[in-house]
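Undergrad: what's the 3D shape of this:
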Amino acid sequence: MLAVSKKKLDINDKYLKQLEDIKIRVPKGYREVIQDFAKEMGFKGVNPFVISLINEKMEEKNYADRIPTGVKEINKEKDESADQ
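TA: Prediction:
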C-alpha cells in the first residue's frame, strides 16, 4: 500500500467538497457499454458525457442554467464573474 501525504489528502478533500454525487444504476454489463460509447463520442469518461446530455436537454427546453463539467470550469466561471 502506498503512503499518501497529508497535503495530498487535504487537496483531495478540498476538491471533493466542491462536488456532489448522483448515483445511477444500470444492469450488469452495461456500465462498460456506456463507458465505451462515451469514449467513442469523444468524452474522457461517463461523467462529462452524462453532463453533456443533461445540458443538451436543458438547452432544448430553454432552461436558463447549464451544468459545468468540472471544478476547473466552476472556478473559471467564478474568476470571470469576479473580474466583472
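Undergrad: count of neighbours near residue 13?
TA: By the criterion of other CB atoms under 10 Å, residue 13 has 9 neighbours. Heads up, the C-betas are built off the backbone N, CA and C, glycines and all.
Undergrad: name the helix or strand for it, please.
TA: helix 6-16 (DSSP states H and E).
Undergrad: what average pLDDT does that helix get?
TA: If you average the pLDDT over helix 6-16, you get 91.
Undergrad: and the helix or strand that it is followed by, how far out from the chain middle?
TA: Remark: after helix 6-16, the chain's next helix or strand is helix 30-40, criterion DSSP H and E. Its chain's C-alpha centre and that of helix 30-40 lie 16 Å apart, by CA atoms, centre = their mean, to the nearest Å.
Undergrad: run through who's touching helix 30-40.
TA: Contacts to helix 30-40, defined as CB atoms under 8 Å, 6 or more residues apart in numbering, come from residues 26, 45-46, 48-49.
Undergrad: got the buried residues for it?
TA: residue 38 (16 or more other CB atoms under 10 Å).
Undergrad: distance of the nearest residue to residue 43 once chain neighbours are set aside from residue 30?
TA: Leaving aside its sequence neighbours, residue 43 sits nearest to residue 49 (CB to CB, 6 or more residues apart in numbering; 4.1 Å). According to CB to CB, to the nearest Å, residue 49 and residue 30 sit 14 Å apart.
Undergrad: low-scoring stretches of the chain, by residue?
TA: In the predicted model, the chain carries pLDDT under 70 at residues 1, 77-78, 84.
Undergrad: give me the longest helix you can find in it.
TA: helix 46-60 (DSSP state H).
Undergrad: helices or strands next to whichever helix or strand comes after it in the packing?
TA: Using DSSP H and E, the helix or strand that follows helix 46-60 in sequence is helix 71-83. Helix 71-83 is packed against no helix or strand, with contacts defined by 3 or more CB pairs under 8 Å, 6 or more residues apart in numbering; DSSP states H and E.
Undergrad: picking up where we left off before, any idea of the angle the helix holding residue 13 forms with helix 71-83?
TA: If you take axes from the mean of the first three to the mean of the last three CA atoms, to 10 degrees, helix 6-16 sits at 70 degrees to helix 71-83.
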